[in-house]
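Q: curious how this folds, go ahead:
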Amino acid sequence: MALSHRWRAVVRLAAAALLAAPALDAVAQGAVYDANQVKAAFLYHFGTYVQWPTLAPEGDAITIAVLDEPEVAAQLAEFLPGRRIAGRVVEAVSIDAIEEVGDAEVVFIGRRQNHRLTELIAALEQRPTLVVTDDEDGLDHGAMVNFRIVDARVRFEVSVPRAEEAGLRLSSRLLAAALRVETSDCCRSDLENAFATVPRANGRHRG
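A: Now for the predicted structure:
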């Protein structure tokens, strides 16, 4: 499926942000993008920077499950055709309950469910699933990646310990592009090396 000019711009925005390219800031500040489109593009790109302990057979798809956020699910359905992660087709599914997550590699919990984030995230423990939220205190509730809106732009923060508990390894480039990173002792040197070698916009990082 051919992407519209605006979608191509959003894709460049998300991809460049994850590469921490300074030129991206100028692009982002010069145009206003639909937040749901940007989140959809980020959700896909997050998956390209995750190493799962195991993956389904090559013939199976990588699944991004979206809980109670139909706008983002619709944007993903438009964006994903033809895209792959680790050589596998990527699909999005819109779910109404956390029990429907199944074997999804990525799950995004929409803002409508923020009042019970701790309960929902607890239901995903012991699963090798990247949990992404959209709440002011998403990391405190147990998310691995959390969206934040800063200066009218979609940014994200990351909890390395939460990802490690699920057996996930996050790329240092993903960490270097984050607004804030919660780290563990085992990844501090990798993160410091990433900051030393990857140009990035200003952000706050917490150990």
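Q: which stretches of this protein form strands?
A: Using DSSP state E, the strands of the chain run over 50-51, 62-67, 84-85, 88-95, 106-109, 130-133, 145-150, 153-159, 169-170, 180-182.
Q: and the pLDDT for the residue lying closest to Leu76 once chain neighbours are set aside?
A: Spatial nearest neighbour of Leu76, excluding adjacent residues (C-beta to C-beta, 6 or more residues apart in numbering): Ala92 at 3.7 Å. Backbone N, C-alpha and C define where each C-beta goes, glycine included. In this prediction, Ala92 carries a pLDDT score of 96.
Q: could you pull up the contacting residues of Ala92?
A: Counting by C-beta atoms under 8 Å, 6 or more residues apart in numbering, Ala92 touches 63-66, 73, 76-77, 80.
Q: let's see 6 Å
A: Applying C-beta atoms under 6 Å, 6 or more residues apart in numbering, we find Ala92 in contact with 64, 73, 76-77, 80.
Q: can you flag which of these belong to helices?
A: Applying DSSP state H to the contacts of Ala92, the entries found in helices are 73, 76-77.
Q: just the buried members of the residues you listed?
A: 73, 76 (16 or more other C-beta atoms under 10 Å).
Q: nearest to Gly110 among the ones in helices among the contacts of Ala92?
A: Nearest to Gly110 among the ones in helices among the contacts of Ala92 is Ala73, at 8.8 Å by C-beta to C-beta.
Q: isn't that closest one up against Val66?
A: Yes - in terms of C-beta atoms under 6 Å, Ala73 counts as a neighbour of Val66; the distance is 4.0 Å.
Q: any shared contact partners between the two?
A: Contact criterion C-beta under 6 Å, 6+ apart; residues bridging Ala73 and Val66 by contacting each: Ser94.
Q: where exactly do the helices run in this structure?
A: Under the criterion DSSP H, the chain contains helices at 5-18, 22-29, 35-48, 70-79, 117-122, 160-165, 172-177, 188-197.
Q: name the helices or strands packed onto the fifth one?
A: Using 3 or more C-beta pairs under 6 Å, 6 or more residues apart in numbering; DSSP states H and E as the contact test, no helix or strand touches helix 117-122.
Q: average pLDDT for that helix, rounded please.
A: 97.
Q: which outside residues touch it?
A: Residues from elsewhere that reach helix 117-122 (C-beta under 6 Å, 6+ apart): 98, 109, 131, 135, 141-142.
Q: picking up where we left off before, so can I have CSV of the contacts of Ala92 showing distance to Gln51 and pLDDT?
A: Formatted as CSV, the contacts of Ala92 follow (distance: C-beta to C-beta, whole Å; pLDDT from 0 to 100):
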residue, distance to Gln51, pLDDT
Ile64, 17, 98
Ala73, 25, 97
Leu76, 22, 94
Ala77, 26, 94
Leu80, 20, 93
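Q: lowest average confidence, helix or strand, in this protein?
A: When the helices and strands of the chain are scored by mean pLDDT, DSSP states H and E, helix 22-29 comes last with a mean of 38.
Q: Ala104: neighbour count?
A: Ala104 sits with 23 neighbouring residues when counted by other C-beta atoms under 10 Å.
Q: that one touches Leu67, doesn't it?
A: No - using C-beta under 6 Å as the test, Ala104 is too far from Leu67 to be in contact (9.9 Å).
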